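S.K.: could you work out the structure for the sequence below:
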Amino acid sequence: MRILADENIPKGMVAALRKAGHEVSAIAELHPKASDAQVLAEAVERSLVLLTFDADFGRMIFAEGYRAPPGIIYLRSPPPSPAAAIERVLRVARADAPTIDGHFVSIDRIARYHPLPEGNDNG
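M.R.: As a prediction, the model looks like this:
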């Protein structure tokens, strides 16, 4: 999976996803201190799944009409440990998981798939 990690994603999670074979770009490495709008635009422009702890992206897309990237993985609440967070994201990213393309995936103990708004060019 091709992922853009928001600035709030720990370096250890970025490294673990890369080690698992995912192509991960980290906004902290590309554009430190980028605004949410800039992060979203980067994900859209590069056709990357956005990985974040920030609920604002859901509001921006669903309520404010911002263009969506191919998918968003939103970690709803801090997991009990960094390892648990990594496992939750890897579980969603596995080939046998439902596709995240065209979805806002919110993760806590389970993953919930919400279709991105119709008419939104999300891919």
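
S.K.: only C-alpha atoms from now on, for both contacts and neighbour counts.
M.R.: OK.

S.K.: and E118, which of the three is it?
M.R.: Following DSSP: H, G, I helix; E, B strand; the rest coil, E118 is assigned to coil.

S.K.: how about the contacts made by it?
M.R.: By Cα atoms under 8 Å, 6 or more residues apart in numbering, the contact set of E118 is empty.

S.K.: just A93 next, same as before
M.R.: M1.

S.K.: go on, H22?
M.R.: If you count contacts by Cα under 8 Å, 6+ apart, then H22 has 1-3 around it.

S.K.: where does the residue nearest the centre of the chain land in three-state SS?
M.R.: Compute the mean C-alpha point of the chain, and by Cα atoms, centre = their mean the closest residue is L51, 2.0 Å away. Judged by three-state DSSP, the three-state class of L51 is strand.

S.K.: pLDDT at it, what is it?
M.R.: Note on L51: pLDDT of 96.

S.K.: which strand residues bridge it?
M.R.: The partner list for L51 in beta bridges (DSSP bridges) reads A5, I73.
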